[in-house]
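1. 3D, please:
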Amino acid sequence: MMWKRITGWLAFTKTEQGVVLFLVGAFMLGSGLQLLRIDGDDAALVDPASTDSLFSERSSADAGGSMTSPVNVNSASKAELVALPGIGDVIAERIIMTREEKGPFRSPEDLLSVKGITKKKLEHLKPFITLH
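-> Numbering: from 1, shown residues only. This next block holds a predicted model:
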């Protein structure tokens, strides 16, 4: 009875009434689930800092995790570069092309001229690379 009054007052068609009813139901369901999650532990919430450290750990694990000596980016092969955390085939090829075109890298920051290497990625790479 109340629903008919509201929809009649707003002049909704039958289709619009169905959509509004669905949206109200979805909102209520979502609100209820949110309340349940708040009452429980916050393990479902994602902390960006923890995902960043997970990226670093997984990247190191993907690279073998136990690199004994740093990789010389001025002489490394594509396979050696790909073994570095966060470096795939494409970026490894770009590193090789850049050093062939411009000469050896003189500082780790020179790697920032390679498309795909950001400041953040370079910070993750520094412990694993050398220039000599």
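2. how many other residues sit next to I117?
-> 20 (other Cβ atoms under 10 Å). (Each C-beta comes from the backbone N, C-alpha and C, glycine too.)
3. what do you get for E16?
-> Number of residues near E16 (other Cβ under 10 Å) recorded here: 12.
4. distance of it from G25?
-> Distance from E16 to G25, counting by Cβ to Cβ, to the nearest Å: 15 Å.
5. just A79 next, same as before
-> As judged by Cβ to Cβ, A79 and G25 stand 56 Å apart.
6. please apply the same query to S31.
-> To G25, S31 is 11 Å away according to Cβ to Cβ.
7. beta-bridge partners for N72, please?
-> Bridge pairing for N72 (DSSP bridges) gives the partners T130.
8. that one is in contact with P108, isn't it?
-> No: the criterion here is Cβ atoms under 8 Å, and N72 misses it with P108 at 11.9 Å.
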